[in-house]
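K.L.:
Got a predicted structure plus its sequence, pasted below:
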Amino acid sequence: MTNDVLIIGGGIIGLACGLELKLRGANVTVLSRDFTAAASHAAAGMLAPEAENITHEPMLSLCRRSRNLYLNWTEKLAELTGEKDVNNTGYWPCGILAPVYQQPQNTGDRNAHWLNKDTINQYQPGLGQDVVGGWWYPEDGQVDNRALIKVLRTAAESEGIIFQDGVTVEAISQQQGKVIGVQTNIGLFRADHYLLTAGAWVNQLLPLAVRPRKGQMLSLRVPDCLNELPLTRVLFGEGIYIVPRRNRSIIIGATNEDVGFTADNTPVGIQSLLQSAIRLYPQLENYPLQELWWGFRPATSDELPILGASHCPNLTLATGHYRNGILLAPVTATLIADLICEQKTDPLLPNFHYSRFSAVSSTTTSMLVNSTVTNTNINSVNKLQNKSFCDIATPRLSDLNIQDSPLIIAGKSFSSRLMTGTGKYRSIQEMQQSVENSGCQIVTVAVRRVQTNAPGHEGLAEALDWSKIWMLPNTAGCQTAEEAIRVARLGREMAKLLGQEDNNFVKLEVIPDPKYLLPDPIGTLQAAEQLVKEGFAVLPYINADPMLAKRLEEVGCATVMPLAAPIGSGQGLKTTANIRIIIENAKIPVVVDAGIGAPSQAAEAMELGADALLINSAIALAENAPAMAYAMNLATVAGRIAYLSGRMPIKEYASASSPVTGTITG
């Protein structure tokens with residue numbers, strides 16, 4: 001049992017966890033920089049795991065569990081505060097109505113009830129004329145988040161939790177893998193155990209993949225002339241939600257802005273909210289404005305929280321709850337208290353461990369400067385890393401004030417942004433060394449060539465460590481959609497045989513043209529639609545066609561993989577303009593595939609903003625393939641860092657590097 005727990009962060013997650021730990025016998029101190037700045041004050045209080053349409057199964061399970069705890073949890077809070085009114089938190093299982101403007105193809109959602117236009121307007125009069133129907137989620141609801149956090153704070157104080165308000169944590173001191181104290185603006189705090197719940201500010205203390213995501217909100221008030229509340233259920237629309245309160249307030253939110261900690265409401269933000277809200281529920285245009293505000297959600301790149309153990313045994317993490325901090329407060333408190341007090345790890349917790357985010361690439365730990373490789377028979381370029389040509393240490397991204405997230409494809413996280421192939425090498429040994437030196441975590445394998453033991457592919461399945469490398473089966477050699485679908489199914493079975501039971505990835509290639517090897521856009525789209533329906537994570541190889549890329553994204557592909565130039569040509573980026581358009585519009589990873597022949601071209605592709613590269617021929621056909629693999633690794637990382645750094649603007653005329661003002665003149 002841990003006696004003393006120090007909680008860094010006084011928002012709803014810190015308060016909920018602190019109260020639960022206190023009730024289990026721990027002595028709890030909470031450090032809070034600004035109680036009113038917590039994201040929980042700026043939320044709307046929706047309890048909406050169903051209406052949010054969460055597709056990540058562990059996250060959906062976590063959210064449902066927490067929603068189902070809410071009634072008992074709020075009753076317990078009322079009891080702890082001595083309140084006779086069990087509704088002092090505003091908990092209201094009112095259900096959520098999600099109107100839509102376009103008829104969905106499938107209305108058989110088992111977790112919701114579909115209401116046609118007539119029914120939904122009877123159920124909730126006053127909806128906009130564009131509404132064609134909607135979903136009814138009877139188990140979802142809401143809580144008054146501002147009332148809730150006040151009740152939580154009161155309950156925590158009544159139980160004897162110590163609060164240190166106005167305290168800014170400046171550093172977490174660590175020695176020999178343990179936290180030994182927390183340095184603040186008023187001195188050093190020590191405890192047996194530390195819980196980090198600092199929300200959007202957590203990255204200022206530890207290099208965790210959490211960024212602030214600003215949300216602007218407003219509230220209206222139901223006019224006094226209306227005796228009854230016109231809205232009694234939450235309206236969850238397209239890009240807007242309207243949350244009615246029993247006290248006659250109506251909460252409208254929220255923008256979603258990646259602008260760092262830029263404060264204040266803006267005209268464009270508030271205008272967009274009002275326009276969307278009035279379209280959904282027109283009579284709001286005559287309601288009086290009550291309040292405007294904003295807040296900062298703690299967002300991770302995969303929009304899932306970070307929960308559980310950290311790299312230090314006496315430091316636990318509970319942050320990154322993004323849009324679901326209010327909803328997840330009860331279950332987070334239970335799971336974290338189980339972990340700290342009883343060393344009990346819930347089966348769901350590993351899905352939210354911080355380790356799913358990692359550094360960009362291991363190659364950022366060393367650098368070769370002014371070096372010349374003259375030995376073309378190097379067996380391992382890694383030896384060169386140990387024989388560094390200079391003693392200058394490469395800074396980590398965190399030291400450079402650069403934040404990056406891992407490459408996420410179909411929910412799976414990768415730290416390397418370079419994928420390689422297995423074909424065209426002079427030997428299996430050369431391929432093995434090249435794959436190792438590339439630092440890649442994804443290797444594409446031609447299913448047909450492995451199945452038939454084609455030259456250069458004998459023993460390929462046994463040549464690589466598939467516990468460390470994710471296999472990407474590809475449909476190389478397929479000329480029709482039907483062929484590609486059949487080979488993709490074979491590839492999935494091959495992955496299972498190699499121990500990757502959950503591998504549903506496929507690199508989709510449909511290439512009927514034997515001369516130029518250009519992919520068939522129609523066949524690719526047909527095959528992609530079918531494979532997505534069968535549960536594949538489809539990574540389609542395509543011409544650099546922005547319209548096709550968007551269509552493939554719409555049918556559910558995991559990435560798009562536009563060619564830079566014809567396969568194996570080494571011509572470099574010949575489709576730069578189109579690739580730039582694809583990157584600008586894609587909401588899924590863009591992997592530049594085919595045509596790259598040199599590290600400079602790899603870096604250029606990453607500087608455009610590509611999420612990853614797939615390179616085979618340029619490595620395998622190099623005079624020294626392992627050395628070239630290492631060079632491509634460095635180029636990929638360099639290009640990514642350059643993209644994140646933001647290049648200087650291109651100017652028409654020269655601009656002196658040194659200032660000319662203030663210099664001595666003759």
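P.N.:
Structure's in. What do you need?
K.L.:
backbone phi and psi for Val532, please?
P.N.:
phi -60, psi -40 (degrees, to the nearest 10).
K.L.:
That one: neighbour count?
P.N.:
Val532 is flanked by 16 other residues according to other C-beta atoms under 10 Å. No exception for glycine: its C-beta is placed from N, CA and C like everyone else's.
K.L.:
That one against Cys557, yeah?
P.N.:
Yes: here Val532 lies in contact with Cys557, judged by C-beta atoms under 8 Å, at a distance of 6.7 Å.
K.L.:
Now do the contacts for the closest residue in space to Asp611 that isn't next to it in sequence.
P.N.:
On the basis of C-beta to C-beta, 6 or more residues apart in numbering, the spatially nearest residue to Asp611 that is not a chain neighbour turns out to be Pro589, at 3.8 Å. With contact set as C-beta atoms under 8 Å, 6 or more residues apart in numbering, Pro589 has these partners: 407-409, 558-560, 611-612.
K.L.:
still on that earlier bit, now list whatever residues contact both of Val532 and Cys557.
P.N.:
Overlap of the contact sets of Val532 and Cys557 (by C-beta under 8 Å, 6+ apart) consists of Val538.
K.L.:
thinking again about what came up before, could I get the phi/psi values of the residue nearest to Asp611?
P.N.:
The phi and psi torsions at Pro589 (degrees, to the nearest 10) take the values phi -60, psi 140.
K.L.:
got it, and Gly187?
P.N.:
Phi and psi for Gly187, reported as degrees, to the nearest 10, are phi 130, psi -170.
K.L.:
who does it bridge with?
P.N.:
With DSSP bridges as the criterion, Gly187 is bridged to Thr184.
K.L.:
try Pro540
P.N.:
Where Pro540 sits in a bridge, its partners, by DSSP bridges, are Leu508.
K.L.:
how close does it sit to Gly308?
P.N.:
With distances taken as C-beta to C-beta, to the nearest Å, Pro540 is found 36 Å from Gly308.
K.L.:
Kindly report the same for Pro223.
P.N.:
Remark: distance between Pro223 and Gly308 (C-beta to C-beta) = 48 Å.
K.L.:
likewise Leu195?
P.N.:
11 Å.
K.L.:
Those two: which is more packed in?
P.N.:
In this view Leu195 and Gly308 are compared by other C-beta under 10 Å, and Leu195 has more residues nearby, 30 against 21.
K.L.:
Name the residues contacting each of Leu195 and Gly308.
P.N.:
When contacts are counted by C-beta under 8 Å, 6+ apart, Leu195 and Gly308 have 316-317 as shared neighbours.
K.L.:
Are we agreed that Gly308 is in a helix?
P.N.:
No: assigned with DSSP: H, G, I helix; E, B strand; the rest coil, Gly308 falls outside any helix and is strand.
K.L.:
who's in contact with Asp34?
P.N.:
Taking C-beta under 8 Å, 6+ apart as the contact definition, Asp34 lies against Gly166.
K.L.:
Which helix or strand contains Met628?
P.N.:
Secondary-structure element containing Met628, defined by DSSP states H and E: helix 625-645.
K.L.:
Report the buried residues of that helix.
P.N.:
Judged by neighbour count using 16 or more other C-beta atoms under 10 Å, the buried positions of helix 625-645 are 625-641, 643-644.
K.L.:
what packs against it?
P.N.:
In terms of contacts (3 or more C-beta pairs under 8 Å, 6 or more residues apart in numbering; DSSP states H and E), helix 625-645 is packed against strand 418-421, helix 428-438, helix 599-607, strand 612-615, helix 617-620.
K.L.:
Quick one: closest of those to Phe357.
P.N.:
When the helices and strands packed on helix 625-645 are compared by C-beta to C-beta, strand 612-615 sits nearest Phe357, at 16.2 Å.
K.L.:
which other residues reach the closest one?
P.N.:
For strand 612-615, using C-beta under 8 Å, 6+ apart, the contacting residues are 407, 417-421, 444, 507, 559, 561, 589-594, 596, 602, 605-606, 632, 636.
K.L.:
what about it, distance to the chain center?
P.N.:
21 Å (C-alpha atoms, centre = their mean, to the nearest Å).
K.L.:
Report the residue spans of the stretch 401-550 of the chain with pLDDT below the cut-off.
P.N.:
Low-confidence segments of the stretch 401-550 of the chain, defined by pLDDT under 70, span residues 401-402, 448-461.
K.L.:
same question, the chain
P.N.:
Counting by pLDDT under 70, the chain contains low-confidence ranges at 1-2, 84-86, 109-110, 358-402, 448-461, 655-666.
K.L.:
how about 50 then?
P.N.:
1, 359-393, 452-453 (pLDDT under 50).
K.L.:
For Tyr516, grab the count of nearby residues.
P.N.:
Residues near Tyr516, counting by other C-beta under 10 Å, number 9.
K.L.:
what helix or strand does it sit in?
P.N.:
Tyr516 is part of no helix or strand, with elements assigned from DSSP H and E.
K.L.:
who touches Trp114 in this structure?
P.N.:
Taking C-beta under 8 Å, 6+ apart as the definition of contact, the neighbours of Trp114 are 104, 107-108, 133-136.
K.L.:
Buried ones among the residues you listed?
P.N.:
Burial by neighbour count, 16+ other C-beta under 10 Å: within the contacts of Trp114 this picks out 133-136.
K.L.:
just checking, which of these belong to strands?
P.N.:
Assignment to strands by DSSP state E places the following of the buried ones among the contacts of Trp114 there: 133-136.
K.L.:
For those residues, work out which two are farthest apart.
P.N.:
Of all pairs drawn from those, the widest gap by C-beta to C-beta lies between Gly133 and Trp136 and measures 10.2 Å.
K.L.:
can you list residues touching both of the two?
P.N.:
When contacts are counted by C-beta under 8 Å, 6+ apart, Gly133 and Trp136 are jointly contacted by 114-115, 120.
K.L.:
Among these, which lie within helices?
P.N.:
Among the shared contacts of Gly133 and Trp136, the residues falling in helices (DSSP state H) are Ile120.
K.L.:
now, among the shared contacts of Gly133 and Trp136, which is nearest to Gln403?
P.N.:
Using C-beta to C-beta, the shared contacts of Gly133 and Trp136 come closest to Gln403 at Trp114, 41.5 Å.
K.L.:
now that closest one: how far from Pro99?
P.N.:
The span separating Trp114 from Pro99 equals 12 Å under the rule C-beta to C-beta.
K.L.:
Report the set of residues contacting both of those two.
P.N.:
Each of 133-134 lies in contact with both Trp114 and Pro99 under the rule C-beta under 8 Å, 6+ apart.
K.L.:
give me phi/psi at Ala537?
P.N.:
Main-chain torsions, Ala537, degrees, to the nearest 10: phi -90, psi 100.
K.L.:
Number of residues surrounding it?
P.N.:
Other residues near Ala537 come to 19 when the count uses other C-beta under 10 Å.
K.L.:
contacting residues around it?
P.N.:
409-410, 504-506, 558.
K.L.:
Most neighbours among those, which one?
P.N.:
Those, ranked by neighbours (other C-beta under 10 Å): first place Val506, 31 neighbours.
K.L.:
Name the SS class of that one, please.
P.N.:
Three-state secondary structure (criterion: three-state DSSP) places Val506 in strand.
K.L.:
of the helices and strands packed on helix 625-645, which approaches Ala476 most closely?
P.N.:
Ranking the helices and strands packed on helix 625-645 by proximity to Ala476 (C-beta to C-beta) places strand 418-421 first, at 9.3 Å.
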